[in-house]
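Enquirer: Below are the sequence and a predicted model for it; my questions follow.
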Amino acid sequence: MRWWVGVAGLLLVSCVEERIAPAPVPEPPTPEFRHQAFYETLRADAEHFGQREGDWLEDYGDAPFYGLAFYAHTTPEDARTVAARARAVSLITDIDFSTADLQEVTMSALGLMEYADATGDDADVAVLDAFVDEMDGLAKAIGYYVPTEGVESWALRTYGPTAISALIGLVNAEHAVRIGSRRDERIAFAREVAKHVAEVAYDGTRFAFASDNPMLCLYPNVSMILLDSRLFQLTGEVSYRERALRTYDAIQALRLSDLPTRYYSPYSAAAMGATTTDYSTLSSHNYLMLALAVLYEVTRDPRFVEELDSVLDALETQLYGSWCLSHVHEESCPTTCSETEVCVVDACTEDSCQGGVLHHWIDGRPAAPTDPEYFCSGCNLQALYVMWYRSVRLME
């Protein structure tokens, strides 16, 4: 009988242990969105951004993604949304990659993916598949990493080969997330890009600007944080999340301040005339915030949302200001405009001023009208998309 008593004792202990086992710790709630007023202000400002035949006039190439994505999620039937969608389709249809603006066409594809995801309209999937297939074929032919030489692209020169290569991988990953057709194929290609980028530009802690330029920059690193985080979501492979977190740790060397949070943006400091490292751009911080949002999605660690919110504090308190048409339009019209008018594309238009987030912070001050690239509507539309993502997707 002793053996039976022993077994019964073990069973009793087991039952007791099971009964008193601690309940799983619930995830902390997502911090509440506290920038609603700023969001509404910037949304009203965006109504004044110029758009002609779907083309935002004061942008630097990323409005085809973020303008289309933001309005697709908020006002899909609006005339601006419809026009932006039509232009995006035209830009990626029967494309010649040797002459196309790589920034605009890639952003157009990402915008159309968001449009399909937001509306459920799959009418653009065929043209998207054709675009991604051709892009992937070219990327494979060059070894999944865009070379420093031999490709004429201002985006490549500005953001660097690592960031642009990561973007190619991200197009495939986003296609798998937003569209879903040929999902396994798109994931496999994104994995190949991540693998080859790491082989030529990763030192075990962070990604270089280019395979032959080890400079630490936000763009290549936040681009790879986005790609690795998406790959973790798509594959469940923890190594992608671990590398994304290591990369985040590496960019802390660029952090300038915490209250509010700003990072150094060395990629364009010299071109903008910065004389100190106190230089941050709206564009790179938008991508940083997207990376923080996706890091939160894959970790549920509130510190990433809190940092995102702190970057929004910087945009609201340090970069928000006023810009005028005359500050950003330098076109020449067929007829001479009056003293109160400015040439916008090809027509004299009454000059006007409105609010918006300025392009950069430089040497202790926000950008001034005399600075290059004083204002960018595409960057503002991206900030709107970030705030939409923060207030909607992260709260789901």
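Expert: Thanks, I have the structure now.
Enquirer: When you work out contacts or count neighbours from here on, use the C-alpha atoms and nothing else.
Expert: Fine.
Enquirer: Helices of the stretch 251-396 of the chain, residue ranges please.
Expert: For the stretch 251-396 of the chain, the helices identified by DSSP state H, counting those that start in this stretch occupy 269-272, 282-299, 302-314, 325-328, 377-391, in order along the chain.
Enquirer: And for the stretch 51-200 of the chain?
Expert: 63-74, 79-92, 102-119, 125-141, 154-159, 161-178, 183-201.
Enquirer: Can you give me the neighbour number for Gln252?
Expert: Residues contacting Gln252 under the criterion other Cα atoms under 10 Å number 12.
Enquirer: okay, the helices of the stretch 251-396 of the chain in a markdown table with distance to Ala166 and mean pLDDT next?
Expert: Rendered in a markdown table, the data for these read as follows (distance: least, Cα to Cα, whole Å; pLDDT from 0 to 100):
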| stretch | distance to Ala166 | mean pLDDT |
| --- | --- | --- |
| helix 269-272 | 22 | 91 |
| helix 282-299 | 13 | 98 |
| helix 302-314 | 21 | 98 |
| helix 325-328 | 30 | 95 |
| helix 377-391 | 19 | 98 |
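Enquirer: Tell me which of those is the most buried.
Expert: Of these, the one with the most neighbours on average (mean count of other Cα atoms under 10 Å) is helix 377-391, at a mean of 24.
Enquirer: and the direction of that one versus that of helix 282-299, what angle?
Expert: Going by axes from the mean of the first three to the mean of the last three Cα atoms, to 10 degrees, helix 377-391 is angled at 20 degrees with respect to helix 282-299.
Enquirer: Can you give the contact residues for helix 377-391?
Expert: Counting contacts by Cα atoms under 8 Å, 6 or more residues apart in numbering, the residues outside helix 377-391 that touch it are 33, 35, 39, 42-43, 46, 49, 56-63, 66-67, 69-70, 282-283, 286, 289-290, 293, 356-357, 359.
Enquirer: PyMOL command for the buried members of these?
Expert: Selecting in PyMOL just the buried members of the contacts of helix 377-391, where the criterion is 16 or more other Cα atoms under 10 Å, is done with this command:
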select buried, resi 35+39+42+43+46+49+56+57+58+59+60+61+62+63+66+67+69+70+282+283+286+289+290+293+356+357+359
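Enquirer: Isn't Ala274 up against Gly364?
Expert: No. In this structure Ala274 lies outside contact range of Gly364 using Cα atoms under 8 Å: 9.9 Å.
Enquirer: and the two? which has more neighbours close in?
Expert: The neighbour comparison of Ala274 against Gly364 (other Cα under 10 Å) goes to Ala274, with 17 against 12.
Enquirer: contacting residues around Ser322?
Expert: Cys353, Gln354, Gly355, Gly356, Val357, Leu358.
Enquirer: Can you give me the distance of the closest residue to it other than its chain neighbours to Phe65?
Expert: Residue nearest to Ser322 in three dimensions, not counting chain neighbours: Gly355, with 4.4 Å by Cα to Cα, 6 or more residues apart in numbering. When Cα to Cα, to the nearest Å is the yardstick, Gly355 and Phe65 sit 22 Å from each other.
Enquirer: Of these two, which one has the most company?
Expert: Between Gly355 and Phe65, counting by other Cα under 10 Å, Phe65 is the more crowded of the two (29 against 16).
Enquirer: Could I get the contacting residues of the most centrally placed residue in the chain?
Expert: Averaging the C-alpha coordinates of the chain gives a centre point, and the residue nearest to it by Cα atoms, centre = their mean is Tyr287 (4.0 Å). Counting by Cα under 8 Å, 6+ apart, Tyr287 touches Tyr219, Val222, Ser223.
Enquirer: Return the member of the residues you listed nearest to Glu297.
Expert: For the contacts of Tyr287, the residue nearest Glu297 by Cα to Cα is Val222; the value is 14.9 Å.
Enquirer: Pretty sure that closest one sits against Ala291.
Expert: Yes. Using Cα under 8 Å, Val222 is in contact with Ala291, at 5.8 Å.
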